Structure formats: structure tokens, C-alpha cells
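>>> Here is a sequence with its predicted model. Questions after.
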Amino acid sequence: MQMFHNSTSTVLIAVLKRDLVIGLRHRSELFNPLVFFFIVVTMFVLALGPYETTLRQVAPAVIWVAALLASTLSLDMMFHSDLDDGSLEQFLLSPHPLIIIVVAKILAHWLLTAAPLIVAALFLGLMVYLPQTAIMPLLLTLLLGTPVLSLVGAVLAALTVGLRGSGILLTLLILPLYIPVLIFSVATVDNAAKGLAITGELYFLGAILVLAATLAPLATTSSLRIRLG
Amino acid sequence: MFEYFYKYGSPRHFYDLSKMFVPWLGGICLILLIAGLTGGLVLAPPDYQQGEGFRIIYVHVPSAWMSLFIYMVMATAGATGLIWKVKVADALARASAPLGASFTFLALVTGSLWGKPMWGTWWVWDARLTSELILLFLYLGYMALQTAIDDRRTAARAGAILALVGVVNIPIIHYSVEWWHTLHQGPTITKLDAPSIHISMLVPLLIMALAFMFYYAAVVLLRARYEILENERNSAWVCELIEQRRG
Amino acid sequence: MSSLQSFLHMGGYAFYVWSAYGLSFIVLVLNVVLPLKREQQFFRALIKRKERVSKNK
């Protein structure tokens, strides 16, 4: 009965809570992207050699590409389990606006996958000899960039949900769309490491985030309706 | 007005009408191709810096233009199919993708063939080639999504969303790649353009671009005819068509 | 004759110029031929199916 007088904010919080609880119960899903993130960076270091000057140069690129891949990997699961247990159809049929549910799911995805990555990046930055002055900018770019990954990723995760081989297809579709985030983020960290100004690049990242935040939830809802409707 | 639109926008009428249009469009394309090729390969003087090598411009640049143009058409057709449920638009969008990918591929390969004698390497991460490469990824992604979804109606609508997401992204990607290029610019290299292009070089270029445009119009109709047959595989008029073919 | 030869020679860029044009030609022609062929196959398959159905009746 209580369901009927739920306002949008309570729906948002309910779905967010549900996703967070599910995510925290499945520890592996939470930790796997994180472990993947560390392994990819380690692989790069092993391939390049432990030379401080080389690593310092490529550090922003390596950390960002690894973060990109780690958050892409977890995208496939965004709607997958909901499709399997039928709750996705419940969401579509529910009287609450689908967009609220979608926003909650995107937020939950970001909190579960990207937020740990940002904390991990702090340590990884030190491990690959990123200059002290670039650490904060790195975290800032991750803070601005990873929500874009979750937002744009949600659209494509909705488009590919339940398809065979959806994992690789999703990766293929999404990586080209991440290019602007990658370019501006790495340039920001690079500039910070060289002691140059970074506000211009950060504004661009912010603008991309605002654009993604306004359009992606809408596109995600219509994608879900198309795929399941 | 709408009745008219729906009557001639129906798949069946499109199938009949397009048969009339294709030879005309194809014929115009051939005439323009002959004119453009004579102008570009024979009449235009060799470039004072690049010699005869610059003549690759007449396929490279129109291909690059077409690759972007077709993506826009694809997205527009997809949106039309999505919003107004025009079946023909869905078929046109799906038929455009392989053509766009072909032109993107040609822009890349001819750019590489042009770059080798001019730059000394087969590949340079210059802004245009890099953007074309990313555009190729977008086309291939669209086509992969189309084949992954079995239901053709759903595939068309999902493809439309993807194309629209791409359209929003392309300017941002393009801008960021340009910016990235200037950021990492090494020793200055000549851009893949005829420097201060002369009118006798420019006219064939425009004719070739027009020829490619007509080629696209003709072939997209041809391809859309096949897509429509597949979409309408079980409809009455396709069955009639098969009866006629059986004789 | 020599003008034709020099035309084909393309001032030493023959390989690059002609392979660019040749490849473009091939790709453009394939884009016409393949859908036509597929349309034919489509009709052939459906006609076959229809004949099978009418035979079974």
C-alpha cells in the first residue's frame, strides 16, 4: 500500500538502496573491477620496465586507460541481473517514471564501481611515480570523467542487454564514445604534472558531464523500452 | 498531405518507385564520374609541391565528406523511423551503414596511400585520419548491433538510438581529436590537402563529390530495396511478388 | 603513345595513385553487386520454399 504514495525521491532512494545492497552482497562483482584495474596497470609497468622517468611520463595515460577498461567491464551487469530475475520488466510496468529508476541505477553503478576506482587510483598514482602535483588533478578528472562513463555506458548497456555476446559488443560500441573523456582527462593530468594550468580542460570535462547527465538518462529509458517493449 | 506521404512512404510503393529512380541516379552518377575523373586525372595540372601524387585527393576528400554525410543521413533516417514509425526510413538507415563504412574505409586507405609518398610512412596520426578511424569504429559498432539483434524492427530502433548518440558525440570527438593533435604536434608536416587549391583542381573535386553523392543515392535505394524485402518477408505483397516471379 | 605512358606513369606516383583509384573502384562496385546478388538469393530461397509448400499440399 505504501508504494502508492511514494514520491519520486523515495523511489530513487529505494532503487538506489536495493542496488547498493545487492552490489555489496556480491562482493566479487564489487572487487573484480578493482583487481582488474590494478592488474592492467601492473601489466603496463611490466611491459614498460620499472624506469621512473618512463613511467612518470605514461602514468596518466596508463591509469586512465585501465580505469576506462575496468568500468566498461562492469557495465554489462548493469541491467543484466535485473533482466534475468524479471525485475526489469517490473520497472517498465511500474507506475513510477522509468527515468527515476534509471537515474538511481546509474548512480548505484557509479558508487559501486567508479568510486572504489578513484580511491585505488590514489595508490596507483604513487606506484607509477605520478608527480605529487598531479595526484589531485588525477582524482578530479576521475571524479568528473567516471560519471560520464556510467551515464553513456547505461545507454549502451540498455541497448545490448540480453544479447548473446553482449559483453564484447558493448565494449566495441562504447570505447569510441569515451575518447573525448580520455583525451581531456589525460591532458589535464599531463599538464598538471608539467605544472601548467588545467582549468580549461576541467571545464570541458564538466561540460561533457553536464551534457551526458541531461541526455543519457532519457536515452537509456527509451533504449530499455525499445529492447523490452 | 499525410495520406499522400503514407501512401508513397509505404514499403510496397517504395519498392516499386525506387526501381524507376535507381537507373536515373546511377546514370547521372556515371556521367559525373567520367567528367570528374577526366578533370581530375587529365585536365588538372600537377601540384607544384606534390606533383601527380596529389590526384589521390579526388577520391580521398570526397570519400571523407561522404563518410560524415552518410552518418548524418543514417541518424536522420533512424530518428524518422523511431519517431514517425516510417518503415522506409528504417530500411534506409540500415542500408546506409555499409555504404558509410565503405566510404570511411576508402578515406582511410586512400589517405594512407597518399601519405606514404608525402610523409614517408603509411600511417600518420593526423587529425583527419584519426577521426576517420574513429568514425569507422562507430559504423562497425552500428552494424554489429544490427546483426546482434534478431528482430529487425527492434534492431532498427536500437540502431537509431545508437546513431543519435553517435551524432551527439561526433562533434565532441572531432573537436577533441583536433585538439589532441595540436597538443602533440611534432615536426610540421604538410596536411593532406592541395595547398591553395587552384580552380582547375577544385572543379573536378566538386564534381567528384557530386558524383559520390549520386552514387550514394542510387546504391542506398538499391540496398534499401533488399532490406525492405527482408523486413516484409511475410507480407502479402512480397508473396505476390514471388508468385509473379514463379511465372 | 608516350602521352598515354606518361599518364599511366603519374610522375612516379603510379603505384599510389592507381591503387587508390583501383581500390575505390572495387569497393564501389562491390557495394552494387552484393546487394543485387543477395536480392536474387532472397527470391530464390522464397520461391523454393513456396514450391515445397505447394507440393506438400
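Good, I have the coordinates. From a predicted model like this one, the values you see are computed outputs, not experimental measurements.
>>> From now on I want contacts and neighbour counts done on CA atoms only, so please keep to that.
Noted.
>>> In chain A, where is pLDDT below threshold?
A:1-6 (pLDDT under 70).
>>> Is the biggest helix by length in chain C in proximity to chain B?
When chain C is parsed with DSSP state H, its longest helix is helix C:14-56. Yes: interface with chain B: helix C:14-56 contributes C:16-17, C:19-21, C:23-24, C:27-28, C:31-32, C:35-36, C:38-39, C:42-43, C:46-47 (C-alpha under 8 Å from any C-alpha of the partner chain).
>>> from the chain's centre, how far out does that helix sit?
7 Å (C-alpha atoms, centre = their mean, to the nearest Å).
>>> And it, what does it pack against?
On a contact count with 3 or more C-alpha pairs under 8 Å, 6 or more residues apart in numbering or on different chains; DSSP states H and E, helix C:14-56 meets helix B:57-84, helix B:87-119, helix B:199-231, helix B:236-246.
>>> Are any of the residues of helix C:14-56 next to chain B buried, and if so which?
In these, burial by neighbour count holds for C:16-17, C:20-21, C:24, C:28, C:31-32, C:35-36, C:39, C:43, C:46-47, counting by 16 or more other C-alpha atoms under 10 Å in any protein chain shown.
>>> now, among the residues you listed, which is nearest to chain A?
For these, the residue nearest chain A by C-alpha to the nearest C-alpha is C:Asn31; the value is 24.1 Å.
>>> if I read this right, that closest one contacts B:Ala101, doesn't it?
No: using C-alpha atoms under 8 Å, C:Asn31 is not in contact with B:Ala101, being 10.8 Å away.
>>> possible to save the buried ones among the residues of helix C:14-56 next to chain B as JSON lines with pLDDT and distance to B:Ala218?
Shown next, in JSON lines, are these (pLDDT from 0 to 100; distance: C-alpha to C-alpha, whole Å):
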{"residue": "C:Tyr16", "pLDDT": "92", "distance to B:Ala218": "29"}
{"residue": "C:Val17", "pLDDT": "92", "distance to B:Ala218": "26"}
{"residue": "C:Ala20", "pLDDT": "94", "distance to B:Ala218": "23"}
{"residue": "C:Tyr21", "pLDDT": "95", "distance to B:Ala218": "20"}
{"residue": "C:Ser24", "pLDDT": "96", "distance to B:Ala218": "17"}
{"residue": "C:Leu28", "pLDDT": "96", "distance to B:Ala218": "12"}
{"residue": "C:Asn31", "pLDDT": "95", "distance to B:Ala218": "11"}
{"residue": "C:Val32", "pLDDT": "94", "distance to B:Ala218": "9"}
{"residue": "C:Pro35", "pLDDT": "91", "distance to B:Ala218": "12"}
{"residue": "C:Leu36", "pLDDT": "92", "distance to B:Ala218": "13"}
{"residue": "C:Glu39", "pLDDT": "90", "distance to B:Ala218": "16"}
{"residue": "C:Phe43", "pLDDT": "90", "distance to B:Ala218": "21"}
{"residue": "C:Leu46", "pLDDT": "87", "distance to B:Ala218": "26"}
{"residue": "C:Ile47", "pLDDT": "88", "distance to B:Ala218": "27"}
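>>> Nearest the geometric middle of chain C, what residue?
Nearest residue to the geometric centre of chain C (C-alpha atoms, centre = their mean): C:Leu30, 3.0 Å.
>>> so where's chain B uncertain?
Those would be B:1-8, B:185-196, if you go by pLDDT under 70 across chain B.
>>> list the contacts for B:Ala218?
By C-alpha atoms under 8 Å, 6 or more residues apart in numbering or on different chains, B:Ala218 lies in contact with B:Phe21, B:Val22, B:Pro23, B:Leu25, B:Gly26.
>>> Residues of chain B that sit close to chain A?
Residues of chain B lying close to chain A by C-alpha under 8 Å from any C-alpha are B:134, B:137-138, B:141-142, B:144-145, B:148-149, B:154, B:157-158, B:161-162, B:166, B:169, B:172-173, B:176-177, B:180.
>>> Now, of those, which are buried?
The buried subset of the residues of chain B next to chain A - by 16+ other C-alpha under 10 Å - is B:134, B:137-138, B:141-142, B:144-145, B:148-149, B:154, B:157-158, B:161-162, B:166, B:169, B:172-173, B:176-177, B:180.
>>> where along chain A do the helices fall?
A:8-25, A:27-48, A:52-75, A:77-84, A:87-93, A:98-109, A:115-127, A:132-160, A:166-174, A:179-194, A:199-228.
>>> So which elements touch the longest one?
In this structure, helix A:199-228 packs against helix A:98-109, helix A:132-160, helix A:179-194, helix B:152-183, with contacts taken as 3+ C-alpha pairs under 8 Å, 6+ apart.
>>> Now distance to C:Ser54 too, for those helices, in CSV please.
As requested, these are arranged in CSV below (distance: least, C-alpha to C-alpha, whole Å):
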stretch, distance to C:Ser54
helix A:98-109, 49
helix A:132-160, 40
helix A:179-194, 56
helix B:152-183, 28
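>>> nearest to chain C, of those?
helix B:152-183 (15.9 Å).
>>> what distance separates the closest one from the centre of its chain?
Taking C-alpha atoms, centre = their mean, one finds the center of helix B:152-183 at 15 Å from the center of the full chain.
>>> Report whether the expected contact of A:Leu149 with A:Leu73 is present.
No: in this structure A:Leu149 lies outside contact range of A:Leu73 using C-alpha under 8 Å: 11.3 Å.
>>> Alongside chain C, which residues does chain A contribute?
Checking chain A against chain C by C-alpha under 8 Å from any C-alpha, there are no hits.
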